[in-house]
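1. need coordinates for the below:
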Amino acid sequence: MKKHRSTSRVEASAARGIVDELIRGIDACGLTDTQLAGRTGLHASLIGRFKRRERDILLGNAARIAACLGLRLTRPKRGLADLDTMPSLALSPNIPKGDEPPCVT
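-> Now for the predicted structure:
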């Protein structure tokens, strides 16, 4: 029988934070699931199910959506030792404040 690694509360909380931030970004961008899918190369149904929290997505797909929304996955600068290897979402420095994210224009 395969032994599953248990997820700590810190890891679970960090993962929820990433999901919450990404879903807020998707909702705020003003694109339909189909439009976002066309700009990221993902299926609209995957985006819709992710937004409704019916399924998780791969980290690579999260990064594609984040990049399209002007977000990027980064490591926190300070925090708990467990979080040093956990990604978090941060605004991309390549997008000046007030400008549209790359895929929304």
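2. could you point out the longest helix in this structure?
-> The helix spanning the most residues in the chain, taking DSSP state H as the definition, is helix 9-29.
3. just for the protein, where's the confidence low?
-> For the chain, the stretches flagged by pLDDT under 70 are 1-7, 10-11, 14, 75-105.
4. and the helices in it?
-> Using DSSP H, helices in the chain cover 9-29, 33-40, 44-51, 59-68.
5. give me the angle between the last one and helix 33-40.
-> In terms of direction (axes from the mean of the first three to the mean of the last three CA atoms, to 10 degrees), helix 59-68 departs from helix 33-40 by 100 degrees.
6. and helix 59-68 with helix 9-29, angle?
-> Using the same axes, to 10 degrees: helix 59-68 against helix 9-29 is 40 degrees.
7. what's the angle from helix 59-68 to helix 44-51?
-> Using the same axes, to 10 degrees: helix 59-68 against helix 44-51 is 90 degrees.
8. picking that back up, can you spell out which helices and strands pack onto the longest helix of the chain?
-> Counting contacts by 3 or more CB pairs under 8 Å, 6 or more residues apart in numbering; DSSP states H and E, helix 9-29 packs against helix 44-51, helix 59-68, strand 71-74, strand 88-91. Backbone N, C-alpha and C define where each C-beta goes, glycine included.
9. just the CA coordinates for the first one, please, in PDB.
-> This means helix 44-51. Extracted in PDB, the C-alpha atoms of helix 44-51 (Å, rounded to 0.1, in the frame of the first residue of the first chain):
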ATOM      1  CA  ALA A  44     -12.700  26.500 -20.400                       C
ATOM      2  CA  SER A  45     -14.300  23.600 -18.500                       C
ATOM      3  CA  LEU A  46     -11.100  23.200 -16.400                       C
ATOM      4  CA  ILE A  47     -11.100  26.900 -15.500                       C
ATOM      5  CA  GLY A  48     -14.800  26.700 -14.600                       C
ATOM      6  CA  ARG A  49     -14.500  23.700 -12.400                       C
ATOM      7  CA  PHE A  50     -11.400  25.200 -10.700                       C
ATOM      8  CA  LYS A  51     -13.300  28.500 -10.000                       C
END
